[in-house]
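Visitor: attaching a predicted model along with its sequence, questions to come.
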Amino acid sequence: MSVKSDDKKYIANTYARFPVQIVRGSGSLAYDENGKEYIDLGSGIAVNIFGFSDKSWIDAVTEQLNTFQHTSNLYYTSPCVTLAKILCERTGMQRVFFCNSGAEANECAIKAARRYAELSGRKNSKIITLVNSFHGRTITTLAATGQDSFHNDFLPLTDGFLYTPANDIESFKKLVQQNDVSAVMFECVQGEGGVLPLDKDYVLQLEKTARENDILLIVDEVQTGNGRTGKLYSYMNFGICPDIVTTAKGLGGGLPIGAAMLGGRVKDVLSVGMHGSTFGGNPVCCAGAINIINRIDDALLCDVMRKSKLITDALSNADGIKSVSGMGLMLGIETRRDAGEIISECIDKGVLVIKAKNKLRLLPALNIPDDLLIKAVEIIKSACAV
Ligand SMILES: *Cc1c(COP(=O)(O)O)cnc(C)c1O
């Protein structure tokens, strides 16, 4: 039996996999089927916040597994409410809906925004998202994603979305004047779109215009959240106060969990029976997430920024590198050589890097040891050189 050939035969053909089979991991090191070691700078796409096989996280998860693995949302359980309380206390949000992925968290945000508008008699209101955004793969979150290339094969999509170019406040204001808009949804750093942070002034203007027009501010923190950008959530870098914050990816440290956090204006718009998820708030996933969130403290966040600087200092003016963008440990590297070729070379030399559009994208574990990070950055640097 060959994993690679069976995978090509039996798995739906939706992923272009790198030619590497991961068989185990430890911290920021991954090992393939031949025992070759790799420094992992992708973290399962910003998921493994504390790397592979983190002892403290495993203990938290196994303790819950040994207690009970699942019941239904028809009963009270402690892990989900403990997690919700921590998230609310650390964000100022007021209630949390738990689900299993980023797309589902955004689906909940979209339903909450539509319901908010409906409650004030605004039927058929629109949600504005940004050109080049990414919000998920379900039909509705695809519609929210402002990239035609994701849409074309799956029409018709869900109605009710309008798109505006990032960092262009006049275009946003114009859409707001011409339509009944209930919400604006955006990533503070566009991840899949190419690791592009929004301008601070633009984000502040978005908030101001939203407030003046009774428009909800929805921040998609699926990728940027959970310490990735040097704050617990990236919106905290911009000094704004969102109405809804969605997250997933890193939240569970490697177990599937998503959350839509609802602020004061929307905390009660969804009532009994209006939304649900069989696995949402699963006790094992929540136990993992509690462990993760409680360890994202000021010291860790400070270290995220120190490591960010270490990477940007090393790469910013290096040979073959055009630019470094992003925030914290979510960085995009624009190269002169083809990014795909550089990635293959990095894999050969034992470094796992991923792509975002035509850039290299670095999303290392937040606790990656300095020596591994420095070694990986040197390998990237030499692969980028022309
Ligand atoms: C990955 C991602 C999603 C989708 O998350 P899934 O868990 O794959 O559904 C949504 N929004 C952003 C910003 C993402 O990076």
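Guide: Ah, there it is.
Visitor: point me to the residue of the stretch 1-150 of the chain nearest the ligand.
Guide: G102 (2.3 Å; Cβ to the nearest ligand atom). The C-beta positions use only the backbone N, C-alpha and C, and glycine is treated the same way.
Visitor: and R122, that's in a strand?
Guide: No: read with DSSP: H, G, I helix; E, B strand; the rest coil, R122 is coil and lies in no strand.
Visitor: now it: closest residue in space that isn't a chain neighbour?
Guide: D180 (5.7 Å; Cβ to Cβ, 6 or more residues apart in numbering).
Visitor: how about that neighbour, what does it touch?
Guide: A117, R122, N124, S125, K126 (Cβ atoms under 8 Å, 6 or more residues apart in numbering).
Visitor: turn the residues you listed into CSV, including distance to the ligand and pLDDT.
Guide: Listed next are the contacts of D180 as CSV, based on distance: Cβ to the nearest ligand atom, whole Å; pLDDT from 0 to 100:
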residue, distance to the ligand, pLDDT
A117, 22, 97
R122, 26, 92
N124, 25, 90
S125, 22, 96
K126, 20, 98
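Visitor: who does the residue of the stretch 251-386 of the chain found nearest the ligand form a beta bridge with?
Guide: The ligand sits closest to G258 of the stretch 251-386 of the chain, with a gap of 6.4 Å, by Cβ to the nearest ligand atom. Legend: beta-bridge partners of G258 under DSSP bridges are C99.
Visitor: hmm, it is touching E107, no?
Guide: No: with contact defined as Cβ atoms under 8 Å, G258 and E107 do not form a contacting pair (9.2 Å).
Visitor: who touches both of the two?
Guide: Residues touching both G258 and E107 (Cβ under 8 Å, 6+ apart) are C99.
Visitor: burial of the residue of the stretch 1-150 of the chain closest to the ligand, as a residue count?
Guide: Number of residues near G102 (other Cβ atoms under 10 Å) recorded here: 26.
Visitor: tell me the contacts of it?
Guide: Each residue near G102 by Cβ under 8 Å, 6+ apart is listed here: H135, G136, D220, V222, Q223, T246, T247, A248, K249, G258.
Visitor: now it: how far from A259?
Guide: 10 Å (Cβ to Cβ, to the nearest Å).
Visitor: same thing with S323?
Guide: Distance from S323 to A259, by Cβ to Cβ: 33 Å.
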